[in-house]
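Visitor: Provide a 3D model corresponding to the input given below.
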Amino acid sequence: MSSLGAPELLIVLVVFMVLFGAKRMPDAARSLGRSLRIFKAETKGLRDEDGDGFDDKTGKPMPATSRDASE
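Guide: Residues are numbered from 1 along each chain as shown. Here you go, the predicted structure:
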């Protein structure tokens, strides 16, 4: 499956404007941003709570010796 290109994004933007109108677009974008921020914070919290063996700063897997020592 390919990524979205400029023509596809333009079509999505036009459909979005038709559905919501120019006056409600900033509110809809703000709500979407808040939702994504909350989702990201929740998934990070679950990841931290789970202790999945990934380094929080780099996102890379920790070596087995570091992972065993932290548990």
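Visitor: neighbouring contacts of stretch 12-25?
Guide: With C-beta atoms under 8 Å, 6 or more residues apart in numbering as the test, stretch 12-25 has contacts from 4, 28. C-betas here are computed from N, CA, C, even on glycine.
Visitor: can you give me the offset of it from its chain's centre?
Guide: 22 Å (C-alpha atoms, centre = their mean, to the nearest Å).
Visitor: average pLDDT for it?
Guide: Averaged across stretch 12-25, the pLDDT comes to 86.
Visitor: Equivalent analysis for stretch 58-71, please.
Guide: 58.
Visitor: do stretch 38-50 as well
Guide: Here stretch 38-50 scores 81 as its mean pLDDT.
Visitor: For residue 4, grab phi and psi.
Guide: Main-chain dihedrals, residue 4, degrees, to the nearest 10: phi -80, psi 130.
Visitor: which stretch of helix or strand covers the residue lying closest to it once chain neighbours are set aside?
Guide: Closest residue to residue 4 apart from its sequence neighbours, by C-beta to C-beta, 6 or more residues apart in numbering: residue 12 at 7.6 Å. Taking DSSP states H and E as the criterion, residue 12 maps to helix 6-50.
Visitor: Quick one: distance of that helix to the chain centre.
Guide: 10 Å.
Visitor: and stretch 8-28, C-alpha only, in CSV?
Guide: Output of stretch 8-28 as CSV, limited to C-alpha atoms (Å, rounded to 0.1, in the frame of the first residue of the first chain):
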residue,chain,number,x,y,z
GLU,A,8,-4.7,12.6,-2.4
LEU,A,9,-4.1,15.0,0.4
LEU,A,10,-5.7,17.8,-1.6
ILE,A,11,-8.8,15.7,-2.1
VAL,A,12,-9.0,14.9,1.6
LEU,A,13,-8.6,18.6,2.4
VAL,A,14,-11.4,19.5,0.0
VAL,A,15,-13.7,16.8,1.5
PHE,A,16,-12.9,18.0,5.0
MET,A,17,-13.7,21.6,4.1
VAL,A,18,-17.0,20.6,2.5
LEU,A,19,-18.0,18.5,5.5
PHE,A,20,-17.0,20.9,8.3
GLY,A,21,-16.8,24.4,6.6
ALA,A,22,-14.1,26.9,7.0
LYS,A,23,-15.4,28.2,10.3
ARG,A,24,-15.4,24.9,12.1
MET,A,25,-12.0,23.6,10.7
PRO,A,26,-9.8,25.2,13.4
ASP,A,27,-12.0,23.6,16.1
ALA,A,28,-11.9,20.2,14.4
